[in-house]
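Enquirer: 3D model of this:
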Amino acid sequence: MAEWFEQIKAEFDLNFIQADRWKSMLTGLENTLLITLFAAIIGIIIGIIVAAVRTTYDNNSESMKYNGSISYYILKFFNAICKIYLTIIRGTPVVVQLLIIYFIIFATSTNDIMVATFAFGINSGAYVAEIFRGGIMSIDVGQFEAGRAMGFNYIQTMIYVIIPQAFKNVLPTLLNEFIALLKETSVAGYVGVLDLTRAGNAIRGVTFSAFMPLIAVALIYLAIVMLLTWLVGIVERRLRKNER
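Expert: Numbers count the residues shown, from 1 in each chain. Sure, this is the predicted structure:
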């Protein structure tokens, strides 16, 4: 046992203490959390817009077409754009999207973290959009009518009445999407971003010791996910209490 403990201590010293290699792990963790946070914000913004466009078209297209309103054709155009976006993003791997955005769309950019954040935000937006669309469609039609009765137009009804209720309904699912987003950022190293996974792999490449750095990366991810899962549980319990 003593020999095993000394071996673990030596591995820890080699991989993290010597040459201050722990600092690269800390930088990788910081970059991972930054990318996840801002990608989640981008995903929410895109998701709400896409979900609002699609549900507006689904709920009002027939009446708008019957009235011959030009807004029908405008809405139809944007709905088609949203469907193309959802099809492409959900139909291709996130790694491929990241590589295309980094090496083609933002080929001249030198801000790796910004590009990665943008790529993961666009990817997350497609899934968040479907989550929000399901939440909006779950709201009773009477809520739309109540909003109109209060003097709101359709957009105001969506902003002040429907979306807040939908957000409450989809919040647990949304938080689970962000947990998935956190783990997806582990491929950011493909474009040179020093994320947590790349930091651990870089240490492995220098020390030629795979166990300690990779297990440390896995445990850090696990700890963050367990923390987020715990927070999701708290949110779900509070929402159930509010419903009672």
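Enquirer: what element comes up after the helix or strand harbouring Leu37 heading to the C-terminus?
Expert: Assigned by DSSP states H and E, Leu37 belongs to helix 22-67. Using DSSP H and E, the helix or strand that follows helix 22-67 towards the C-terminus is helix 70-91.
Enquirer: and that next one, what's its mean pLDDT?
Expert: The average of the pLDDT scores along helix 70-91 is 91.
Enquirer: Same question for stretch 131-146.
Expert: Model confidence over stretch 131-146, given as mean pLDDT, is 85.
Enquirer: Please enumerate the helices of this structure.
Expert: Taking DSSP state H, the helices of the chain run over residues 2-12, 22-67, 70-91, 94-100, 112-137, 141-149, 154-157, 163-184, 196-207, 211-243.
Enquirer: tell me what the helix holding Leu37 is packed against?
Expert: When contacts are defined as 3 or more CB pairs under 8 Å, 6 or more residues apart in numbering; DSSP states H and E, helix 22-67 sits against helix 70-91, helix 112-137, helix 163-184, helix 196-207, helix 211-243. The C-beta positions use only the backbone N, C-alpha and C, and glycine is treated the same way.
Enquirer: Now do the last one: which elements does it pack against?
Expert: Think helix 211-243. The contact analysis (3+ CB pairs under 8 Å, 6+ apart) places helix 211-243 against helix 2-12, helix 22-67, helix 163-184, helix 196-207.
Enquirer: Reformat the helices of the chain as JSON lines; add distance to Phe106 and mean neighbour count.
Expert: Compiled in JSON lines, the helices of the chain are given as follows (distance: least, CB to CB, whole Å; neighbours: other CB atoms under 10 Å):
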{"stretch": "helix 2-12", "distance to Phe106": "38", "mean neighbour count": "11"}
{"stretch": "helix 22-67", "distance to Phe106": "14", "mean neighbour count": "18"}
{"stretch": "helix 70-91", "distance to Phe106": "17", "mean neighbour count": "14"}
{"stretch": "helix 94-100", "distance to Phe106": "10", "mean neighbour count": "16"}
{"stretch": "helix 112-137", "distance to Phe106": "5", "mean neighbour count": "22"}
{"stretch": "helix 141-149", "distance to Phe106": "40", "mean neighbour count": "13"}
{"stretch": "helix 154-157", "distance to Phe106": "33", "mean neighbour count": "14"}
{"stretch": "helix 163-184", "distance to Phe106": "19", "mean neighbour count": "17"}
{"stretch": "helix 196-207", "distance to Phe106": "19", "mean neighbour count": "20"}
{"stretch": "helix 211-243", "distance to Phe106": "27", "mean neighbour count": "14"}
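Enquirer: is it possible to export the ones you listed to JSON lines including distance to Tyr190?
Expert: Output for those, formatted as JSON lines (distance: least, CB to CB, whole Å):
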{"stretch": "helix 2-12", "distance to Tyr190": "27"}
{"stretch": "helix 22-67", "distance to Tyr190": "13"}
{"stretch": "helix 70-91", "distance to Tyr190": "17"}
{"stretch": "helix 94-100", "distance to Tyr190": "6"}
{"stretch": "helix 112-137", "distance to Tyr190": "9"}
{"stretch": "helix 141-149", "distance to Tyr190": "44"}
{"stretch": "helix 154-157", "distance to Tyr190": "40"}
{"stretch": "helix 163-184", "distance to Tyr190": "12"}
{"stretch": "helix 196-207", "distance to Tyr190": "9"}
{"stretch": "helix 211-243", "distance to Tyr190": "16"}
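Enquirer: ok, the closest residue to Gln156 other than its chain neighbours to Trp22 distance?
Expert: In this structure, Gln156 finds its nearest non-sequential neighbour in Gly147, 7.2 Å apart by CB to CB, 6 or more residues apart in numbering. Shown here: Gly147 relative to Trp22, a distance of 54 Å by CB to CB, to the nearest Å.
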